[in-house]
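>>> this one's structure only:
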Ligand code: NAD
Ligand code: UD1
């Protein structure tokens, strides 16, 4: 298939693009590189041994977006592009509504114009808010508690209304639990800018010696060891879920919602312990106050995806941590900074097609 991937240079996008290329699909990526590097796409192309088309476009630039979508003529879109930092969304809500909601609106209009009406959307378990109805089912009441979460909720609703108004749309809302891990090559992975908000990248930076200790947000939850429990899912399992959803949509109209999680939870202390064991490095930690807005436990009921899509997560916590450590230790500073400048200096396409893994200007 001819597939357009928005946000394809990002963490989950790059792993999904790799799988799509490996499955023989023709892939075009649209990204503004606001939270990613073109280097990830170059490594993806090199790992797959196949190229892809990349467009340096912001979804908020409706005109360039519509032109590119018209040119690409995709049969389906996987829509990852979005901002995702909860704290930043509280400080700058309008930036989040504009980027995520308006960006998606522009994308849907461009798709409609190009007669492409199949979309897989990156939603999040964050739409379940502080629900304690565990495990979380697709029909658990939605109740996001911060602007980031509400952008996901609004987009889900916009997609539902769109499908209700026009039966030609094929839509999947995929609610991810906690994506972690990296491709086993250690060449692509999550490259957080600044201080990581999420647990696993933070722990990885403590293990590599970039940060002194992990602050464990709360040790008095009603969980087995008192720390928060989450459903961590390997990014490659998540990527496979997108291919399964696309396959399902090829002969199913309307809106479909699937949780993508493992169904099992791990506590903060279990993650820290696994990381210390697998990396062989000390991971000092200190129990501090609870983080406002956190729930004690969150894990998926993943049966719907298994029944409808024949999909289930295969990789366990050990594999997630081992792959995360492989990526972190091979790329202690993430993707090289120089590549950001290179996008302007050289054509993006030439850059991605280049064969040398180390970039010098
Ligand atoms: P990411 O930041 O690594 O990737 C997002 C990509 O979108 C980046 O390459 C960024 O440059 C691009 N982008 C952002 N705004 C854009 C715009 N206006 N125009 C063009 N490109 C733009 O994030 P990720 O972890 O890969 O997440 C992908 C999607 O999955 C996001 O929508 C996120 O909200 C959602 N999600 C992520 C998680 C998680 O924990 N990583 C959990 C649930 C849902
Ligand atoms: C966070 C986001 C959520 C998003 C999800 C996946 C918040 C409030 N929620 O949720 O919207 O969908 O990531 O990207 O940010 N922890 C520590 N120390 C740390 C970091 C985290 O103890 O330095 C704990 C947390 O309290 C939690 C667990 O680790 O119990 C996981 O945290 P995190 O990785 O931030 O994910 P979520 O809280 O699930």
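Structure's in. What do you need? Only a predicted model underlies this, so the values are computations on that prediction, with no experimental measurement involved. Ligands and ions are numbered 1, 2, ... in the order given.
>>> for the rest of this, base every contact and every neighbour count on C-alpha atoms.
OK.
>>> poorly predicted segments of the chain, please.
Applying pLDDT under 70 to the chain flags the ranges 338-346, 354-361.
>>> in it, which helix is the longest?
helix 147-165 (DSSP state H).
>>> buried residues in that helix?
147-156, 158-160, 162-163 (16 or more other C-alpha atoms under 10 Å).
>>> and the angle for the helix or strand following it with helix 147-165?
Downstream of helix 147-165, the first helix or strand assigned by DSSP states H and E is strand 170-176. With axes from the mean of the first three to the mean of the last three C-alpha atoms, to 10 degrees defining the directions, strand 170-176 sits at 160 degrees from helix 147-165.
>>> strand 170-176: which residues count as buried?
So, applying 16+ other C-alpha under 10 Å, buried residues of strand 170-176: 170-176.
>>> same check on stretch 283-296?
283-284, 290, 295-296.
>>> from those residues, pick the one nearest residue 87.
Of all the buried residues of stretch 283-296, residue 290 has the smallest distance to residue 87: 14.8 Å, by C-alpha to C-alpha.
>>> tell me which element the closest one falls in.
Using DSSP H and E, no helix or strand contains residue 290.
>>> now do residue 262
Under DSSP H and E, no helix or strand contains residue 262.
>>> what's around the nearest residue to it once chain neighbours are set aside, how many residues?
Distances taken as C-alpha to C-alpha, 6 or more residues apart in numbering put residue 313 closest to residue 262, at 5.5 Å, once the chain neighbours are dropped. By other C-alpha atoms under 10 Å, 20 other residues sit near residue 313.
>>> likewise for the one 5 residues further on?
Taking other C-alpha under 10 Å as the neighbour definition, residue 318 ends up with a count of 15.
>>> ok, which residues in this structure are in contact with ligand 1?
Contact residues, the chain versus ligand 1 (C-alpha under 6 Å from any ligand atom): 7-13, 31-36, 57-60, 80-84, 99, 103, 122-124, 176, 178-179.
>>> wait, does stretch 4-20 contact ligand 2?
No. Applying C-alpha under 6 Å from any ligand atom, one finds stretch 4-20 separated from ligand 2 by no less than 11.0 Å.
>>> flag every buried residue along that stretch.
Here stretch 4-20 shows 4-20 as buried, counting by 16+ other C-alpha under 10 Å.
>>> can you give me the helices in this protein?
For the chain, the helices defined by DSSP H cover 11-22, 38-48, 62-72, 86-91, 93-96, 103-113, 147-165, 199-207, 235-249, 268-279, 303-309, 317-330, 338-345, 348-353.
>>> and the fifth one with ligand 2, contact?
Put plainly, it is helix 93-96. No. Legend: contact between helix 93-96 and ligand 2 by C-alpha under 6 Å from any ligand atom is lacking; minimum distance shown is 13.0 Å.
>>> and the closest residue to residue 136 other than its chain neighbours, how close does it get to ligand 1?
Spatially, and ignoring its direct neighbours in sequence, residue 136 is nearest to residue 300 (4.8 Å; C-alpha to C-alpha, 6+ apart). Distance, residue 300 to ligand 1, using C-alpha to the nearest ligand atom, to the nearest Å: 13 Å.
>>> now swap in residue 333 and tell me
With distances taken as C-alpha to the nearest ligand atom, residue 333 is found 15 Å from ligand 1.
>>> same check, this time on residue 95
10 Å.
>>> circling back: farthest pair in the buried residues of helix 147-165?
Between any two of those (C-alpha to C-alpha), the greatest distance is 24.2 Å, for 147 and 163.
>>> the closest residue to residue 189 other than its chain neighbours: how many residues sit nearby?
Nearest non-adjacent residue to residue 189, counting by C-alpha to C-alpha, 6+ apart: residue 182, 4.7 Å away. By other C-alpha under 10 Å, 27 other residues sit near residue 182.
>>> start at 16 instead
Let's use 16 as the start, then, which means that last one is residue 197.
>>> now for residue 197: which residues touch it?
30, 203-205, 249-251, 335, 338-339, 342 (C-alpha atoms under 8 Å, 6 or more residues apart in numbering).
>>> ditto for residue 186
132-136, 174, 178, 264, 268-271.
>>> what's the closest of these to ligand 2?
Nearest to ligand 2 among the contacts of residue 186: residue 136, at 14.1 Å, using C-alpha to the nearest ligand atom.
>>> which bits of the stretch 216-365 of the chain sit near ligand 2?
217, 229-232, 243-245, 283, 306, 308-309.
>>> give me the number of residues near the nearest residue to residue 194 once chain neighbours are set aside?
Leaving aside its sequence neighbours, residue 194 sits nearest to residue 248 (C-alpha to C-alpha, 6+ apart; 4.9 Å). Residues lying near residue 248 (other C-alpha under 10 Å) number 26.
>>> ok, now which ones touch residue 248?
By C-alpha under 8 Å, 6+ apart, the neighbours of residue 248 are 192-196, 275-277, 328, 330-331, 335.
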